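>>> just need the structure, nothing else, for what follows:
(chains A, B, C and D)
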Number of protein chains: 4
Amino acid sequence: MKTKVNYLKEINLDNPILIEGLPGVGHIGKLAAEHLIDELDAEKTAEIFSPHLPPQVIVNDDGVARLVRIEIYTAKIQDHENDLILVVGDHQSVENAGHFEIAEKILEIAEQNNTQKIYTIGGLATGEMSDTPKIYGAVNEHYPKKELTEKDVVFEQGKPKGGIIGASGLLLGIKTKKQIPAACLMGETSGYIVDPASAQKILRTISKLLNIEIDTKELEERANEMEEVVSKIKQKHQEQQQPQPTGDDLRYIG
Amino acid sequence: MKTKVNYLKEINLDNPILIEGLPGVGHIGKLAAEHLIDELDAEKTAEIFSPHLPPQVIVNDDGVARLVRIEIYTAKIQDHENDLILVVGDHQSVENAGHFEIAEKILEIAEQNNTQKIYTIGGLATGEMSDTPKIYGAVNEHYPKKELTEKDVVFEQGKPKGGIIGASGLLLGIKTKKQIPAACLMGETSGYIVDPASAQKILRTISKLLNIEIDTKELEERANEMEEVVSKIKQKHQEQQQPQPTGDDLRYIG
Amino acid sequence: MKTKVNYLKEINLDNPILIEGLPGVGHIGKLAAEHLIDELDAEKTAEIFSPHLPPQVIVNDDGVARLVRIEIYTAKIQDHENDLILVVGDHQSVENAGHFEIAEKILEIAEQNNTQKIYTIGGLATGEMSDTPKIYGAVNEHYPKKELTEKDVVFEQGKPKGGIIGASGLLLGIKTKKQIPAACLMGETSGYIVDPASAQKILRTISKLLNIEIDTKELEERANEMEEVVSKIKQKHQEQQQPQPTGDDLRYIG
Amino acid sequence: MKTKVNYLKEINLDNPILIEGLPGVGHIGKLAAEHLIDELDAEKTAEIFSPHLPPQVIVNDDGVARLVRIEIYTAKIQDHENDLILVVGDHQSVENAGHFEIAEKILEIAEQNNTQKIYTIGGLATGEMSDTPKIYGAVNEHYPKKELTEKDVVFEQGKPKGGIIGASGLLLGIKTKKQIPAACLMGETSGYIVDPASAQKILRTISKLLNIEIDTKELEERANEMEEVVSKIKQKHQEQQQPQPTGDDLRYIG
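Numbers count the residues shown, from 1 in each chain, chains lettered A, B, ... in the order given. Predicted structure coming up:
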């Protein structure tokens, strides 16, 4: 088996913007992109299968097994000049070279559909819980940084320190013919937990960047539930010896 | 060397059903499929060799070495409309992508022989010894779940939690031209021991599903022997501190 | 780079017998084969380079670096109907599939030169020091076991338990067109040390099998030196808590 | 993605000498080669991208992400018959076979440009801090050792003990059509720290070998800063129990 795209229907999009939210630190990209799919009623138009994903089927709640995959959703937004391509999935590659192969497949889909911009979503793990998580940014040389700073996206030297690993990084870095402007949005997160609060904040930024409204109430509820967990963890941390997150462990961005 | 099939004789089967029992948790699939081969007097018709299997020969009791391999047996059952293809072997792939390659080879054989159904057999590790192990099921979208529930196969949300890894999963998930209906039968098992009792129970289910009689006496004897071991382990567990199986370790299904 | 053979001169051999002694447990194969090369004044006729060997150069004592490699030596023995091909090297493959690729290259050379028999040499680690190390044997289906038992090579059930890993196993197991008879000679060894005594014993067996004289004095000297080390280790073992070699660690045969 | 060279401009060089300084022990090669690039005002003429490098982008201080890469710089030195090719980069291969692929790409560039000599730079870790680090050498069979010994490069048996791993070794060992003379210069270093002092000493040797002047003041300043760190570490070591560097860990040369 080679990495391959399985189209479920013809894709016919106007000036699409691609948003990638594969699993990574805090599952911020995954939470944000899946929320977008729900809110925008996006439809699944393609699947990517790859021997670089884990050799595994996922069993759905009704007992039906399906191969681990990456999914391509597309959405049209009323009165908006840009359609959307949303990339989510069960896993990233489990092998070094597989990350490149999968990112190239996603970029191929982006190019074929005349994609105007790419946003990748990840988490930036700091090892600490923050009440007001920042959104950090990185861009490729074709994306004007100013577009992000105007929307309160933060650029800070040495953040992220270890670079951006996986699809969220490679979609910015791999050179393509069309030189699609691409930016990575990284939600500040502890790195210890799944973080809907940070995902919600990323979505607010995306809402401003795309100039679309996104109802994030559901994520807010999950964030509130998580906050209770967080406050319990904080309490525990104060009671116990503070753990020392190592730089290496926290570098993964997704 | 590429993954390749070495045919030992011409295969000529009527509407075969393929049963896979490669090594995995509790060796349930292996025990069950090898028992079937013995009971049905199946003959070996092909071997699969692969550079993704361990680079190793097995030395038989007479001192003769042979390459690690996967074996294809076939059997005809009197007055039964379906012949059988049985897949057993020494190992599964030791590399991620190799799992896909080997599963695709098995599916190729299935398709070439007009296979009507696929059953894969695995173990579902719970970390606990059970006196009455359940048989859990999973199906692909072409296999009617009802066929299994009628034979007391259990479908329970979150079981298996981590998906089905290896050939037992991939044979359900990899898409083929003929869309062969496929189901995975997973015997509940502790995950600590080789489990003939669970294998025996799977065979009873297979006996009902295929409507053939299978004498499982030999497995029962091994199960009784194992039960003594189990009761000793249980006793030890009660005396000592209960070990905590981790979710990760127990996910492997085979 | 692909695995490739670099011929240094034309090879022109009569009914050769191939002897493989790549690094493995106790370095028994390597010691024995290199000793043969010295004693028989064999000349190097080819080198195998492979990206599956470590990405490394070896620096010789004169400061000259050379790529890690496998070496093919050939020797003609006076009044003997069989010439010899000797396979030694710095390393075995560091990757699973690479073991197959390298073994296939060696078999290719064997076939092209009309090789009559293959002997592979390894060590069988027992975790214990033995004063009278046995030589264990394994054969492929084309090699008559009796030839070995007549020369005091031992066949014992469950030895080696975990099969024969690496080139010493694969050269027996990989199927070739000419079906060359092949046997593996495994010197009993502790698995803790380089073992010239066991290598010397293997050479005596090979001397009988090939009906050639081999002066093993040099190996005997090294064995005597090693024995002093062994007796010191034994003494230490008795003083301290006996270490428990695990089955897994000791399986590697080379 | 395959390993590929991305040319930024036409390369037109006279009898170039290639100097490789990819990351490795003590980052000596990287420090020395990057210093040369600065001092000689070398210009970047090509980049190598490879799926064997980490799947990662580096985020520059201005927030712009770029794919992990190897860089080829070229420089012309006034009144000097040899132009220079300088090879630096973010990483070496993270996979065994990838090391070979990347080294072959570098050698391809060397051959295409009629390269006369290759110098690779690495560190030789000794586990001890030295006030007067030696420069050890290794050559391939086409490079006259005398050229190095005349410039106080040391050849000592068993140094480096474990061979030279990675690009610094492979560029000497992989056979090419043109048989380019190649030497590896290894700065003695502890293996614990980034070592600008050793890099500075290597540059002095290179300065003599190439007969060009290289101002190493900047490296000297970094070396002095590092020396303070070193003396603190030494003090700590004396106060605490001396750590025992293992041979294996220290073998990597780069």
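>>> nearest residue to A:Thr189 in space, please, no chain neighbours.
Distances taken as Cβ to Cβ, 6 or more residues apart in numbering or on different chains put A:Gly26 closest to A:Thr189, at 3.8 Å, once the chain neighbours are dropped. Quick note: C-beta positions are derived from backbone N, CA and C, even for glycine.
>>> right, I mislabeled it, should have said A:Ile85
A:Leu18 (4.3 Å).
>>> let me see the contact set for that neighbour.
Contacts for A:Leu18 were tallied using Cβ atoms under 8 Å, 6 or more residues apart in numbering or on different chains; they are A:Leu84, A:Ile85, A:Leu86, A:Val87, A:Ile106, A:Ile109, A:Ala110, A:Thr115, A:Lys117, A:Ile118, A:Tyr119, A:Ile180.
>>> element containing it?
Per DSSP states H and E, A:Leu18 falls inside strand A:17-20.
>>> and the contacts of A:Leu18 as CSV, adding pLDDT?
Formatted as CSV, the contacts of A:Leu18 follow (pLDDT from 0 to 100):
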residue, pLDDT
A:Leu84, 98
A:Ile85, 98
A:Leu86, 98
A:Val87, 98
A:Ile106, 98
A:Ile109, 97
A:Ala110, 97
A:Thr115, 98
A:Lys117, 98
A:Ile118, 98
A:Tyr119, 98
A:Ile180, 98
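>>> of those residues, which belong to strands?
A:Leu84, A:Ile85, A:Leu86, A:Val87, A:Lys117, A:Ile118, A:Tyr119 (DSSP state E).
>>> who in the stretch 151-254 of chain A is up against chain D?
With the criterion set to Cβ under 8 Å from any Cβ of the partner chain, the stretch 151-254 of chain A comes near chain D through A:155, A:157, A:159-160, A:162-166, A:169-170, A:172-175, A:184.
>>> could you rerun that using 10 Å?
Neighbours of chain D within the stretch 151-254 of chain A, by Cβ under 10 Å from any Cβ of the partner chain: A:153-175, A:182-184, A:186, A:251-253.
>>> restricted to strands, list those residues.
In strands, judged by DSSP E, the following of those are found: A:Ile164, A:Ile165, A:Ala182, A:Ala183, A:Cys184, A:Met186.
>>> and which of those residues is nearest to D:Glu10?
A:Ala182 (29.1 Å; Cβ to Cβ).
>>> does that closest one really touch A:Ala103, like I thought?
No: the criterion here is Cβ atoms under 10 Å, and A:Ala182 misses it with A:Ala103 at 11.1 Å.
>>> return every residue with contacts to both of the two.
With contacts taken as Cβ atoms under 10 Å, 6 or more residues apart in numbering or on different chains, A:Ala182 and A:Ala103 have A:Glu20, A:Thr120, A:Ser168, A:Leu171, A:Leu172, A:Gly173, A:Ile174 as neighbours in common.
>>> let me know the closest of these to B:Asn211.
Nearest member of those to B:Asn211, counting by Cβ to Cβ, is A:Glu20, at 49.6 Å.
>>> low-confidence ranges in the stretch 151-254 of chain A?
With pLDDT under 70 as the threshold, the stretch 151-254 of chain A has low-confidence stretches at A:241-254.
>>> ranges for the helices of it?
With DSSP state H, counting those that start in this stretch, the ranges of helices along the stretch 151-254 of chain A come out as A:167-173, A:196-210, A:217-239, A:247-250.
>>> how about TSV for those helices, with mean neighbour count and distance to chain B added?
Output for these, formatted as TSV (neighbours: other Cβ atoms under 10 Å in any protein chain shown; distance: least, Cβ to the nearest Cβ, whole Å):
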stretch	mean neighbour count	distance to chain B
helix A:167-173	29	17
helix A:196-210	23	21
helix A:217-239	13	19
helix A:247-250	12	17
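>>> point me to the residue of chain A nearest chain C.
Of all residues in chain A, A:Glu95 sits closest to chain C, at 12.6 Å by Cβ to the nearest Cβ.
>>> check contacts around that residue.
By Cβ under 10 Å, 6+ apart, the contact set of A:Glu95 is A:Ser50, A:Pro51, A:His52, A:Leu53, A:Glu101, A:Ile102, B:Glu95, B:Asn96, B:Ala97, D:Pro51, D:Pro55, D:Glu95.
>>> let's see 8 Å
Contacts for A:Glu95 were tallied using Cβ under 8 Å, 6+ apart; they are A:His52, B:Asn96, B:Ala97.
>>> and it, how close does it get to A:Gly21?
For A:Glu95, the distance to A:Gly21 (Cβ to Cβ, to the nearest Å) stands at 21 Å.
>>> do the same with A:Asp90
In this view, A:Asp90 and A:Gly21 are 12 Å apart by Cβ to Cβ.
>>> between those two, which has more neighbouring residues?
Neighbour count, other Cβ atoms under 10 Å in any protein chain shown: between A:Asp90 and A:Gly21, A:Gly21 has more, with 30 against 18.
>>> neighbours of the nearest residue to the more buried one once chain neighbours are set aside, just the number please.
Spatial nearest neighbour of A:Gly21, excluding adjacent residues (Cβ to Cβ, 6+ apart): A:Ala33 at 2.5 Å. A:Ala33: 27 surrounding residues under other Cβ under 10 Å.
>>> I'd guessed A:Ala33 sits against A:Pro23; true?
No: applying Cβ atoms under 8 Å, one finds A:Ala33 not in contact with A:Pro23, separated by 10.2 Å.
>>> how about the residues of the stretch 1-150 of chain A near chain D?
Counting by Cβ under 8 Å from any Cβ, the residues of the stretch 1-150 of chain A that sit close to chain D are A:93, A:96-97, A:99-101, A:103-104, A:137-141, A:145.
>>> show me how to select, in PyMOL, the buried members of the residues of the stretch 151-254 of chain A next to chain D.
Here is the PyMOL command that selects the buried residues among those (16 or more other Cβ atoms under 10 Å in any protein chain shown):
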select buried, chain A and resi 153+155+159+160+162+163+164+165+166+167+168+169+170+171+172+173+174+182+183+184+186+251+252+253
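>>> so which bits of the stretch 51-200 of chain A are right by chain B?
A:51-52, A:54-59, A:61-68, A:94-95.
>>> buried only: go through those residues for me.
A:51-52, A:54-59, A:63-68, A:94-95.
>>> give me the subset of those lying in strands.
Going by DSSP E, the strands hold A:Gln56, A:Val57, A:Ile58, A:Val59, A:Ala65, A:Arg66, A:Leu67 from those.
>>> pLDDT value on the fifth one, please?
The model reports A:Ala65 with a pLDDT of 97.
>>> go ahead and confirm it touches B:Leu172.
Yes: A:Ala65 is within contact range of B:Leu172, at 4.5 Å (criterion: Cβ under 8 Å).
>>> now the common contact residues for these two.
Shared contacts of A:Ala65 and B:Leu172 (Cβ under 8 Å, 6+ apart): A:Val57, B:Ala138, B:Val139, B:Asn140, B:Ile164, B:Cys184.
>>> check the burial of the third one by counting its neighbours.
This points to B:Val139. That count, for B:Val139 with other Cβ under 10 Å as the rule, works out to 23.
>>> got it, and the second one?
Around B:Ala138 there are 35 other residues, counting by other Cβ under 10 Å.
>>> whatever helix or strand it lives in and chain A in contact?
Using DSSP H and E, B:Ala138 maps to strand B:135-139. Yes: Strand B:135-139 comes into contact with chain A (Cβ under 8 Å from any Cβ), by way of B:Gly137, B:Ala138, B:Val139.
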